[in-house]
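Asker: Here is my input, please return the structure:
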Amino acid sequence: MDTLNIKIDSYSPKFYAGAYLVQIVLFAAVFCIWSDSLGIRNEGVDSIYLSLVTITTLGFGDITPLTEVGKIVISLEALFGVITIGLFLNALSHSYSAEMKKNEEKIDKDRKETLRKALELHVCLILDVFKSGNHFAWDKHAKHSAPIEEVESFARSVYKSINNPNTNVNKLQIKMLLETIDQNYDTFLSLTPVAAEVSTDILVEWSSIISNMRNLKQQYQQCIAKVSNEGDLNWPQSSDIALQVQEFIQSTFVICNIPKCTNA
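Answerer: Residues are numbered from 1 along each chain as shown. Predicted coordinates for the structure are as follows:
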C-alpha cells in the first residue's frame, strides 16, 4: 500500500490533467463509434458534449443512454473523472508542499551561509592582524578584516614554519596576535551559539578555536603580569605558541570552507 502511494505521489499535476483530457477524448470516441450499442444518438458534436458533461458530473440529462451497456460506460466515465480530479488535486498539493519545503530549505541554507560568513570575518581578522604586525590593528573591527583569499597563503606558510628555528614569524607579529586575541576573546565566545546554528562540524571547529584562543590569552596575560611584577616584558617564542596557532589555522580553514593544511 505504501509503495502504491509513493508511485501515485510521484506523478505531477500535469500528468493527471493530461489523463483527464485523454479520458474525455477516449470516451467521446467510444460514444461516437458504438453509439448504437450504447443507446445514444450520434449527431455532430454530441459525443464530445456527452463526454464533457459526464466526466465533469454535470449530467444535464438531455442525452441519456438507452441500454444497460451505455449506462455502465457513462457511469465509468463519471467515476474515472472524479478519481482523476482527486488525484490531480492530491498531486497539486504535494507539488506545492514540495516547492514550499524547497524554498524553506534554501532560505535556511542561505541564512546559515550568512552566519558562516560572519564567523569567517572574525577568524580572518586574527590572521589579518597576525600577518600585518600593525601596532594599531589590535582594535580593528572584523568587518574591515582582509578576506581569506588575502591571508590564506600567509596562514599556510606560518603553519609549516612556525615550529622551525628559522620561522619568518617575528616578535611584533606574536605581540599583535596575542593582543588581538585578548581583545576579541569575549566576542568569539559570544559567537558560539551562531556556530551551533550553522552546523555541528562548525561548532566543533569553533570550540577548538575558542580553546586555543583561551590558551594564547593566558600566555598574553602572564606576560603582562610579569611586566607589573618584574618590569620585564618577554613575549613568548614562536615555538611556545606553535601548537595553538597551527590548530587555530586548521579550524579557520574549515570555517572558511577551504582545504586544511597538510603535514607533508
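Asker: Excluding sequence neighbours, find me the nearest residue to Gln173.
Answerer: Residue nearest to Gln173 in three dimensions, not counting chain neighbours: Gly133, with 4.3 Å by CB to CB, 6 or more residues apart in numbering. Every C-beta, even on glycine, is put in place using the N, C-alpha and C of the backbone.
Asker: Asn168 now?
Answerer: Counting by CB to CB, 6+ apart, the nearest residue to Asn168 once its immediate chain neighbours are dropped is Ser161, at 6.2 Å.
Asker: what do you get for Ser199?
Answerer: Excluding its sequence neighbours, the residue lying closest to Ser199 (CB to CB, 6+ apart) is Lys112, at 7.2 Å.
Asker: Look up phi and psi at the residue nearest to Gln173.
Answerer: Phi and psi for Gly133, reported as degrees, to the nearest 10, are phi 60, psi 30.
Asker: who's in contact with it?
Answerer: Contacts for Gly133 (CB atoms under 8 Å, 6 or more residues apart in numbering) come out as 170, 172-173, 175-176.
Asker: Go ahead and name everything in contact with the host helix or strand of Ser37.
Answerer: Taking DSSP states H and E as the criterion, the element that holds Ser37 is helix 35-38. With contacts defined as CB under 8 Å, 6+ apart, helix 35-38 is touched by 30-31, 41-42, 47, 65, 67, 69-70, 73-74.
Asker: at 7 Å what do you get?
Answerer: With contacts defined as CB atoms under 7 Å, 6 or more residues apart in numbering, helix 35-38 is touched by 31, 41-42, 65, 67, 69-70, 73.
Asker: for the protein, what spans make up the helices?
Answerer: Secondary structure of the chain (DSSP state H): helices located at 2-9, 13-33, 35-38, 46-55, 68-132, 148-161, 171-190, 192-198, 200-230, 238-255.
Asker: would you turn the ones you listed into CSV with mean pLDDT?
Answerer: CSV is the format used below for the helices of the chain (pLDDT from 0 to 100):
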stretch, mean pLDDT
helix 2-9, 50
helix 13-33, 92
helix 35-38, 86
helix 46-55, 90
helix 68-132, 93
helix 148-161, 94
helix 171-190, 93
helix 192-198, 97
helix 200-230, 89
helix 238-255, 95
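Asker: for these, which one sits closest to Gly61?
Answerer: helix 46-55 (9.0 Å; CB to CB).
Asker: Quick one: distance of the closest one to the chain centre.
Answerer: For helix 46-55, the gap between its own C-alpha mean and the chain's C-alpha mean amounts to 50 Å (CA atoms, centre = their mean, to the nearest Å).
Asker: Show the secondary-structure elements that it is packed against.
Answerer: Contact here means 3 or more CB pairs under 7 Å, 6 or more residues apart in numbering; DSSP states H and E; on that basis helix 46-55 packs against helix 13-33, helix 68-132.
Asker: With respect to Leu52, which of these lies nearest?
Answerer: Closest among the helices and strands packed on helix 46-55, once you apply CB to CB, is helix 13-33, at 6.2 Å.
Asker: Return the set of buried residues in that closest one.
Answerer: 13, 16, 20, 23-24, 27-28, 30-32 (16 or more other CB atoms under 10 Å).
Asker: Make a PyMOL selection of the buried ones in the contacts of Gly133.
Answerer: Isolation of the buried members of those (16+ other CB under 10 Å) is achieved in PyMOL through the command below:
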select buried, resi 173+175+176
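Asker: now the contacts of Gly133 in a markdown table, with distance to Glu152?
Answerer: A markdown table is the format used below for the contacts of Gly133 (distance: CB to CB, whole Å):
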| residue | distance to Glu152 |
| --- | --- |
| Asn170 | 20 |
| Leu172 | 21 |
| Gln173 | 17 |
| Lys175 | 23 |
| Met176 | 19 |
